[in-house]
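J.: Here is my input, please return the structure:
(4 chains)
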2 protein chains.
Amino acid sequence: MRKEISNIQAAVFSALAHPLRLKILEKLREGSCCVCNIIPCVGGEQSNVSHHLAILRKANIVRSEKRGLEVWYEVTDSKIFKIMDLMNNCILDELKKTREIFESAAGSLE
Amino acid sequence: MRKEISNIQAAVFSALAHPLRLKILEKLREGSCCVCNIIPCVGGEQSNVSHHLAILRKANIVRSEKRGLEVWYEVTDSKIFKIMDLMNNCILDELKKTREIFESAAGSLE
DNA sequence: TTGACATATGACAATATCTAAATATACTCA
DNA sequence: TGAGTATATTTAGATATTGTCATATGTCAA
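T.: The predicted structure is shown next:
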């Protein structure tokens, strides 16, 4: 009966699981932004960007507002940036660790 | 030439984008754990769980160690739990907000 | 109203991911 | 060595995601 929390969590993580969508969010980190500015910034076809925006909308990560001809997007909850930053830290730490291991191995050959 | 960071981030997020894998990580939050304990805890076929463990391994989220017949898994970087907790907060906040809107709408009908 | 514009949606093929069954591997113990 | 156990890998069909093209929608301005 009850929807498990892990299903919802997985759904939101999968909304984050695409480089283009992460780039869109990085753009929105600066503040709310019109689709016409998002497209050149992230690259890709208009319809493709629009599809990815729809995925972010359905996951409640962003919300949109029509202003005349334009549609402006903004992030629903800025905690999403904390999540992205933490993920970035994880990855950089991992890289750093790998490099240290590599360098110490190289050093021991001298 | 250089691999964009957003590609790596997306890859790790997509490793988190499955309820079974999130359940595995929740189990590993208690500490390192043998596959034979993970399987009954998260449910599902042995081969399926193994498959999902392989995905987590490839994303460097967990690492494994053979101990006799058994294989023990543990989380590589506990920051992954912070990410999961933050995500959980996001979702709960969102639910709370939705409920408040709903309740205030219901209240105004009284 | 008509045309131009910004954005969204639908349809489709290509590709990736998921699950489960069968099989393979690696280890232990008799 | 051979049987038994724990886990991983392979495979195949089902399903989901992706990108592109074509088209639809909604808004403004002439």
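J.: tell me, what residue is most central in chain A?
T.: The residue lying closest to the centre of chain A (C-alpha atoms, centre = their mean) is A:Leu22, at 2.5 Å.
J.: which secondary structure element contains that one?
T.: helix A:19-29 (DSSP states H and E).
J.: Which residue is the nearest non-sequential neighbour of the residue nearest to the centre of chain A?
T.: B:Ser6 (4.5 Å; C-beta to C-beta, 6 or more residues apart in numbering or on different chains). Quick note: C-beta positions are derived from backbone N, CA and C, even for glycine.
J.: contact partners of the helix or strand where that neighbour lies?
T.: Using DSSP H and E, B:Ser6 sits within helix B:5-16. With contacts defined as C-beta atoms under 8 Å, 6 or more residues apart in numbering or on different chains, helix B:5-16 is touched by A:9-10, A:13-14, A:16-19, A:21-23, A:26, A:84, A:87-88, A:90-91, B:21-22, B:25, B:55-56, B:58-61, B:80, B:83-84.
J.: does DNA strand D sit close to that helix?
T.: No - on the criterion C-beta under 7 Å from any atom of the strand, helix B:5-16 is out of touch with DNA strand D, staying 7.5 Å away.
J.: how about that helix, does it reach DNA strand C?
T.: Yes - using C-beta under 7 Å from any atom of the strand, helix B:5-16 reaches DNA strand C at B:Ser14.
J.: Now stretch A:61-72: buried residues?
T.: Buried residues in stretch A:61-72, counted by 16 or more other C-beta atoms under 10 Å in any protein chain shown: A:61-62, A:72.
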